[in-house]
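Enquirer: Predicted model follows, preceded by the sequence.
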Amino acid sequence: MKLRSLLLAAMLAASTGTALAEDLTQNVALSTVSAGSYTAHYGATHNVAGLFTDTFTFNPAVGPSMANAVIQSISLFGNNDLNLTSASLNGHALTLIPSGGYEFGLLSPVAVSGTLTLTVMGNVLTPSASYSGDINVAAVPEPETYGMLLAGLGIVGFLARRRNAS
């Protein structure tokens, strides 16, 4: 009877083949670079081997904006410690370039608004693997701003032409 229980416990332990690494959900504060421009650094270290899905949330204090992002993972000894399988910012996929010990991902500027959510998925092969990245957000000027700019250029042009005429 005891042997039967031990065998059953061993079979159950062996059946849990796919391990899942710890998933991370984190709010990341954006730092102001200049009026309407923000940046933030994010990253994670996974101490458990297996699949992971990490979610980073950014709350820019701007309406419609342009955002770009970069992500990277570097292995200490050139091993493939962590594989990034996908990364996206509000549904816009980062282009991932896997190359073993150094993986890189890039998102060219895209139009976004509201809360920004970056989702990173991957597989940890060696515990204590990590990745990090940066995000940049810049406000898109309102149409009224462009109107004022054009009106100002028109006035400067009118004054220059009037000056040349006299």
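Expert: Happy to help now that I have it. Note that the coordinates shown come from a computational prediction; the quantities given were computed from them, not determined experimentally. Numbering: from 1, shown residues only.

Enquirer: So in terms of bridging, what pairs with the residue lying closest to residue 84 once chain neighbours are set aside?
Expert: Nearest non-adjacent residue to residue 84, counting by C-beta to C-beta, 6 or more residues apart in numbering: residue 122, 4.5 Å away. Where C-beta positions appear, they are placed from N, C-alpha and C, glycine not excepted. Under DSSP bridges, the beta-bridge partners of residue 122 are residue 52, residue 84.

Enquirer: wait, residue 122 sits on residue 82?
Expert: Yes: assessed by C-beta atoms under 8 Å, residue 122 is found in contact with residue 82 at 5.9 Å.

Enquirer: what is in contact with those two at once?
Expert: Taking C-beta atoms under 8 Å, 6 or more residues apart in numbering as the criterion, residue 122 and residue 82 both touch residue 131.

Enquirer: Tell me which stretches of this protein form strands.
Expert: 25-28, 31-34, 37-46, 50-58, 65-74, 82-89, 92-93, 95-97, 102-112, 116-124, 129-139 (DSSP state E).

Enquirer: weakest of the ones you listed by average pLDDT?
Expert: Here the strands of the chain differ in mean pLDDT, and the lowest is strand 31-34 at a mean of 84.

Enquirer: which outside residues touch that strand?
Expert: Here strand 31-34 makes contact (C-beta under 8 Å, 6+ apart) with 38, 39, 40, 136.

Enquirer: With that, I have no additional questions.
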